[in-house]
Every structure is written in structure tokens, then in C-alpha cells.
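J.: predicted model and sequence below, questions to follow.
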Amino acid sequence: MAVTVWVIIQSRNLFSVIVLGGIYSFLMATVMVAMDAVDVAMTEASVGAGISTVLLLGALYLCRSEEAQPMRKPWLPLAVSVAVAGLLVYGTLGLPEFSDPQAPIHVHVAPRYLNEVKQEVDVPNAVTAVLASYRGFDTLGETTVVFTAGAGVIALLRRRRRDRQS
Amino acid sequence: MKNDLILRVIAKLLIPFIVMFAVYVQFHGDFGPGGGFQAGVILAAAVIFYALIYGLADARKVVPESVVESMMALGVLLYVGVGIAGLLLGGNFLDYFVLDPDPVHGQHRGIFWVEAGVAITVSGVMLKIFYMFADRGKADE
């Protein structure tokens, strides 16, 4: 994965960048499977590697396939992103250790979900039960976000087409 | 890619299986990995595949733009409708226990419809975005 990221940074050909992005998504999906998060892996493989690669290729079809030279040296954005990355890494130092059973996320509502899911919902895949039933409000929000994204794309692209016709 | 015989034949062979897999992911989401989001994306991928091989105009004939746009809204409305059905039957918003005399069956029913709503919206939005991009490419030529 590190190699893929490095090649993406180095490459100026946008086509290879998109294909490498797809490869990165598949590697990420493999990592998810290795961590037993099969649902997330499936989403990553279908959305990250499948649909978004196709959509990016469709966007690439509309513009030139070589990245343009930057107009000036991007020192300020670089400094900002390094600072934010440093802040985030500093934040992760405060997190509980990986797979620590006493971590707050494992002692709050997770045990209740996992213990009661058999009597209350009786769905073998606990992920689905949490997603659609216990966390139904969150999923409703997610669906609305997806809908809003689609509506935004329609609003942006359809207007332009009408301008061209007039 | 419209005149490539091999691609056309292979696409015709593969697309039913892709749609079947999408349906499997949708309805087997209770038992294995999968669910509305993944199924919606796979369903959209099947149509996008068709559009890539047979051209956008043919894909528009199979899944018209109006259907795609109504799918986007229909999914969210279905989701909210399940919530309101819970309200009308005397529960809270998105309360599935009241959807059936047997609370566990009510849960099954609620999850089923909610996942269906998610799948409809996701595949509608993905298809719409693809149509939009592909359409602009043609307009620029």
C-alpha cells in the first residue's frame, strides 16, 4: 500500500493514478477482510474500487490526462497538511491500544447489542442489525446524504447543459 | 466498444449474474456480509457495465432517466415511510417492534424495507451521477 501511495504521488499521468487508486482500494479491502470487517471490505471493494474508479475515468474523459504543472510552489498547503497530520497522529496517541477489550467502545453499548441481538432482532449478521435497527436513525441520515449528493450533482450539471442550449 | 463482438457477448452473459449477485447481497444481508449499500452499488455497476459496452443511449432505454431520478427519492421516502409506519402503529419513529404482532418478525420486516430503501437510493444516485458524467462527455464532442 505504501508503494502504491508513493507511485500515485510521483506519477503525473492521471490515468495511472486512477488505476492505482483502484488498486489501493482493493488492498484496503484486503486489510479489512484480515481484520474481520467483511461488510466494510465489501463496501470498499464495490464503492472504492468499482464505482469511483469508473466515475473518475468518466471525469478523466472530459479533461486532459496529464496533470498540469502547479503555478507556484505549494509550500503553505504542504505546511497545513503536515500540521493537521501531526495533530491527528498526536490525537491517536491518546486512543486506547488496538484490540484492547477495556476500550470505551467495547464496554459502552457494544456488549448489549451483541448479547441481545439474538432475542430482540434474531438476525444472524449483527452488523446488519446494528446498521438497520439499532442505528436506524444514522442510516437514515446516511441515505439522505447520498440522496443530497445526487441532487447536488444534478443541480450542478443540468444547469450548465441548459445554458449551452440557449 | 460497441462493435466488439466478444465484449458484447460476454457482457450479455455476465450482466444477469451481476444483477443476481446484487439481489443476493441485498436479501442475504441478514445472514452474511452485505446489505443495501453494497447491493445498490452492484446493481448500478451492472447498468454502468451495460452502458459502457452497448452505449449510453441503449442503457437509457433500459433504465430511463426518469426512473433513475424517481429511484433516488423513492428510497429515502421508503425509509422514512417505514419510520412513519412505526409511528402510526403506536411506536416511536423507526420503531420496528410494532410492525408485526411478533416483535422479532417486526424487526425483520423493518430491516427488510429499510435496506430496500437504502439500495434503491444508492443505485439511483450512482446511476444518475454516471449518466451525468457520460452525457457531458458526449455534449463536448
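T.: That came through, no problem. Everything numeric in this text was worked out from a predicted model, so none of it was measured. Numbers count the residues shown, from 1 in each chain, chains lettered A, B, ... in the order given.
J.: I'd like to know how many residues surround residue 55.
T.: Going with chain A. Residue A:55 has 18 neighbours, counted by other Cβ atoms under 10 Å in any protein chain shown. (Each C-beta comes from the backbone N, C-alpha and C, glycine too.)
J.: oops, I was thinking of chain B
T.: Each residue near residue B:55 was counted by other Cβ under 10 Å, and the total is 15.
J.: which parts of the helix or strand containing residue A:150 are buried?
T.: Remark: residue A:150 resides in helix A:136-165, with elements defined by DSSP states H and E. Buried residues in helix A:136-165, counted by 16 or more other Cβ atoms under 10 Å in any protein chain shown: A:136, A:139-140, A:142-143, A:146-147, A:150, A:153-154, A:157.
J.: kindly report the same for stretch B:3-12.
T.: By neighbour count, with 16+ other Cβ under 10 Å as the criterion, the buried positions of stretch B:3-12 are residue B:11.
J.: distance between that stretch and the chain's centre?
T.: In terms of Cα atoms, centre = their mean, to the nearest Å, the gap separating the centre of stretch B:3-12 from the centre of its chain is 25 Å.
J.: can you pull the contacts of whichever residue of chain A sits closest to chain B?
T.: In chain A, the residue that lies nearest chain B is residue A:150 (3.4 Å; Cβ to the nearest Cβ). By Cβ atoms under 8 Å, 6 or more residues apart in numbering or on different chains, the residues touching residue A:150 are B:72, B:124-125, B:128-129.
J.: again, but for residue B:43
T.: Applying Cβ under 8 Å, 6+ apart to residue B:43 gives the contacts B:19, B:22, B:119, B:123.
J.: from residue A:45, how far out is it?
T.: Separation of residue B:43 from residue A:45 (Cβ to Cβ, to the nearest Å) stands at 15 Å.
J.: the longest helix seen in chain B to helix A:136-165, inter-axis angle?
T.: In chain B, with assignment by DSSP state H, the single longest helix is helix B:103-140. Here helix B:103-140 runs at an angle of 20 degrees relative to helix A:136-165 (axes from the mean of the first three to the mean of the last three Cα atoms, to 10 degrees).
J.: show me where chain B has its helices.
T.: Using DSSP H, the helices assigned to chain B run over residues B:5-27, B:36-54, B:56-62, B:65-88, B:103-140.
J.: can you tell me which of these is nearest to residue A:39?
T.: Nearest to residue A:39 among these is helix B:36-54; the distance by Cβ to Cβ comes to 7.7 Å.
J.: count the residues that sit near residue A:69.
T.: Taking other Cβ under 10 Å as the criterion, the count of residues near residue A:69 is 6.
J.: tell me the pLDDT at residue 84?
T.: Because you didn't say which chain, this covers chain A. Per-residue pLDDT puts residue A:84 at 95.
J.: please go with chain B instead
T.: Here the pLDDT value assigned to residue B:84 is 85.
J.: which residue packs closest to it, ignoring adjacent ones?
T.: If the residues on either side of it in the chain are set aside, residue B:84 comes closest to residue B:93, at 7.4 Å by Cβ to Cβ, 6 or more residues apart in numbering or on different chains.
J.: burial count for the residue of chain B at minimum distance from chain A?
T.: Going by Cβ to the nearest Cβ, chain A is nearest to residue B:125 of chain B, at 3.4 Å. Applying other Cβ under 10 Å, we find 28 residues neighbouring residue B:125.
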